[in-house]
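**Q** predicted model and sequence follow; I will ask about them next.
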Amino acid sequence: MRALRGERIRTEDIEIRRDHVSILIEARGTPVFDQQGNITYAIATFEDITERKQAEKLLADYNCTLEQQVAERTAALQRSEAKFRTIFENSQVGIYRTRTCDGLILDANQRFANLLGFDSPQEIIGIEHSIGYFVNPSNRQYAIEVMKRDGELRSFEVQMRKRDGTLFWGLSSCYLNADDDYIEGVIADISDRKRAEAALQISEERLRLALTASNQGLYDMNLKTEEIVVNPEYALMLGYDPATFHETKSRWVESLHPDDRESMFAVYNGFMTGEVPNYQAEYRLRTRDGQWKWILSVGKIVTWNEFGEPIRALGVVTDIDDRKQAEAASILEERNRMAREIHDTLAQAFTGILAQVGAANQMLTDDVEAAQAHLDLIKELARTGLTEARRSVVALRPQLLESGNLQSALHRLIAQIRTAAMDTTLYYEIEGTVYSLPTEVENNLLRIGQEALTNAIRYANADEIRVQLVYDRDQFCLRVRDNGQGFGVGSIPSSEGFGLLGMSERAERIGAQLTIRSQPGQGTEIIVTVNP
């Protein structure tokens with residue numbers, strides 16, 4: 001009909017085959033009429049629309065897939081929002097969002113509402129808490145300043161107030177969204193923790209006061225690294241500043257009194273091997289001002305490694321200096337009392353016996369020879385008893401040196417060593433005019449000489465030792481030289497060199513200069529010089 005009216009004809013989706021391949025053709029045609037109105041021919045065009053149709057199909061498929069993906073993502077987002085909304089609403093941590101400018105609560109979960117004493121979030125949303133009721137304004141302002149600087153605030157402890165006025169402690173973390181003018185954050189009630197911390201602090205303070213009152217310190221020793229952690233009272237006990245005091249095993253050994261080192265080293269070794277799992281020892285430590293203080297230490301191993309080796313020990317140290325001084329004074333008083341008793345009783349009695357024997361000796365006439373023999377025996381026994389009584393009196397009264405001077409004390413010491421060490425030749429020489437040194441000086445010089453002789457015989461295996469005292473007008477010198485095996489000075493471990501360290505400390509105590517010369521195989525020479 002359209003052809004009859006002279007309209008153009010358009011036909012799509014004509015499928016034809018070309019080279020055994022089906023393609024889609026779009027045909028467009030225009031009829032041509034003669035004078036009578038009959039179609040004489042037509043003008044037509046054909047276009048291959050296969051690719052366009054394929055593209056249209058792909059576009060339709062894509063749109064369908066896109067719509068499906070959008071629907072799936074929308075559903076996933078809704079599920080995610082529902083999940084997070086559930087978490088938000090049921091979280092045991094308060095979650096909130098507030099407006100920065102005035103603190104208006106924009107959103108909150110159930111837990112946040114409960115923290116502030118409300119029954120539901122709806123009751124609290126829209127309330128301005130910056131007025132200072134729920135949160136101190138200064139705390140809030142501080143938090144805002146930190147967030148403006150850092151973008152967030154972490155683990156901020158703040159005291160808050162509930163609706164009924166009850167105070168509680170909260171731990172908050174939040175961040176600032178400056179563009180949209182709001183703060184989002186979380187908060188947890190840490191009131192129980194704060195109360196526990198306060199109780200612990202009170203307990204620690206009580207313990208500290210108890211330790212201070214009882215002159216006790218605590219130590220925690222790592223037996224592998226030999227580092228020792230101590231409480232402030234430990235440092236104060238020795239006169240040090242707790243802020244700068246640092247304790248180690250080596251420093252502790254150096255602080256020990258020379259006379260206590262060997263016994264304490266034996267205790268420590270027994271402690272480490274498990275022979276003495278719990279120990280109690282009394283020893284002297286040098287204080288910061290150079291004095292000696294008596295310490296009572298009680299320790300226990302508390303941790304072992306998988307091989308059964310001890311790795312940690314805890315202990316308590318107590319200042320017993322006053323007790324020791326009182327004991328020493330008591331012992332001294334008792335010794336003096338006994339000395340007086342002996343002097344006033346035995347000594348007097350023996351003196352009286354001797355007097356009576358003398359008188360009787362003059363009066364006897366019968367059998368004079370026999371009587372004289374008995375009287376002589378009584379007299380000898382009385383003299384011996386009197387000598388022993390006087391010796392006991394002298395022994396009970398404490399003396400630094402047995403005879404009151406260094407050279408005679410060394411003479412007796414060398415005589416004793418000669419008797420005991422038959423294979424060793426000892427020479428004893430004195431140069432210059434002998435003069436007395438202060439008692440404390442002579443006592444320490446005697447101990448240094450005694451230690452040097454002991455080392456030469458016991459450790460150096462010397463067969464010749466020469467001891468020399470030199471009395472010059474301006475200087476005194478004690479020299480002990482042996483031909484033993486010698487050693488490398490400075491190569492002796494601190495755990496094995498207690499004797500040398502003790503000599504050094506004794507010399508330092510009396511202001512003397514100690515020189516040790518030794519080499520392996522070339523003997524040893526100890527020289528101590530002191531100004532009189």
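**A** Okay, I see it. Numbering: from 1, shown residues only.
**Q** please make it C-alpha for all contacts and neighbour counts, starting now.
**A** OK.
**Q** pretty sure residue 504 contacts residue 514?
**A** Yes. Counting by C-alpha atoms under 8 Å, residue 504 touches residue 514, with 6.4 Å between them.
**Q** may I see the buried residues of the helix or strand hosting residue 157?
**A** Taking DSSP states H and E as the definition, residue 157 sits inside strand 152-161. By 16 or more other C-alpha atoms under 10 Å, the buried positions in strand 152-161 come out as 152, 153, 157, 158, 159, 160, 161.
**Q** for the strand or helix carrying residue 457, which outside residues touch it?
**A** Element membership of residue 457 [criterion: DSSP H and E] is helix 439-458. Helix 439-458 is contacted from outside by 400-401, 404-406, 409-410, 413, 421, 424, 462-463, 465, 478, 480, 482, 484, 499, 503, 506-507, 510, 524, 526, 528, using C-alpha atoms under 8 Å, 6 or more residues apart in numbering.
**Q** cool, and stretch 148-165?
**A** Contacts of stretch 148-165 (C-alpha under 8 Å, 6+ apart): 115-118, 133-136, 139, 143, 146-147, 167-176.
**Q** is it possible to mark the buried ones in these?
**A** Using 16+ other C-alpha under 10 Å, the buried ones in those are 115-118, 134-136, 139, 143, 146-147, 168-176.
**Q** for the stretch 201-350 of the chain, give me the ranges with low pLDDT.
**A** Where the stretch 201-350 of the chain drops to pLDDT under 70, the residues are 204, 207-215, 276-277, 336-350.
**Q** same thing but 90
**A** By pLDDT under 90, the low-scoring segments of the stretch 201-350 of the chain are 201-221, 223-226, 229-234, 237, 248-250, 259-281, 298-316, 318-350.
**Q** assign a three-state SS to residue 92, would you?
**A** Here residue 92 is coil, with the state taken from DSSP: H, G, I helix; E, B strand; the rest coil.
**Q** and if you look at residue 197?
**A** helix.
**Q** what count of nearby residues applies to it?
**A** Residue 197 sits with 12 neighbouring residues when counted by other C-alpha atoms under 10 Å.
**Q** how close does it sit to residue 161?
**A** Distance of residue 197 to residue 161, computed by C-alpha to C-alpha, to the nearest Å: 20 Å.
**Q** could you do residue 482 as well?
**A** 84 Å.
**Q** what does residue 300 give?
**A** 48 Å.
**Q** how far off centre is the helix holding residue 457?
**A** 38 Å (C-alpha atoms, centre = their mean, to the nearest Å).
**Q** which strands and helices lie in contact with the helix or strand just after it?
**A** On the C-terminal side of helix 439-458, the nearest following helix or strand under DSSP H and E is strand 464-471. In this structure, strand 464-471 makes packing contacts with strand 425-432, strand 476-482, judged by 3 or more C-alpha pairs under 8 Å, 6 or more residues apart in numbering; DSSP states H and E.
**Q** which stretch in those has the least confidence?
**A** Of all those, strand 425-432 carries the lowest average pLDDT, namely a mean of 92.
**Q** which strands border the very next helix or strand once past the strand holding residue 157, and is each parallel or antiparallel?
**A** Following strand 152-161 in sequence order, the next helix or strand is strand 167-177 (DSSP H and E). Paired strands of strand 167-177, with direction, are strand 152-161 (antiparallel), strand 182-189 (antiparallel) (DSSP bridges).
**Q** closest to residue 122 out of those strands?
**A** strand 182-189 (17.4 Å; C-alpha to C-alpha).
**Q** CA atoms of the closest one as PDB?
**A** The C-alpha trace of strand 182-189 is given here as PDB (Å, rounded to 0.1, in the frame of the first residue of the first chain):
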ATOM      1  CA  TYR A 182      31.800  16.500  63.800                       C
ATOM      2  CA  ILE A 183      33.700  14.200  66.100                       C
ATOM      3  CA  GLU A 184      33.300  10.500  66.100                       C
ATOM      4  CA  GLY A 185      34.700   8.200  68.800                       C
ATOM      5  CA  VAL A 186      34.300   5.300  71.200                       C
ATOM      6  CA  ILE A 187      34.400   5.200  74.900                       C
ATOM      7  CA  ALA A 188      34.700   2.400  77.500                       C
ATOM      8  CA  ASP A 189      34.000   2.400  81.200                       C
END
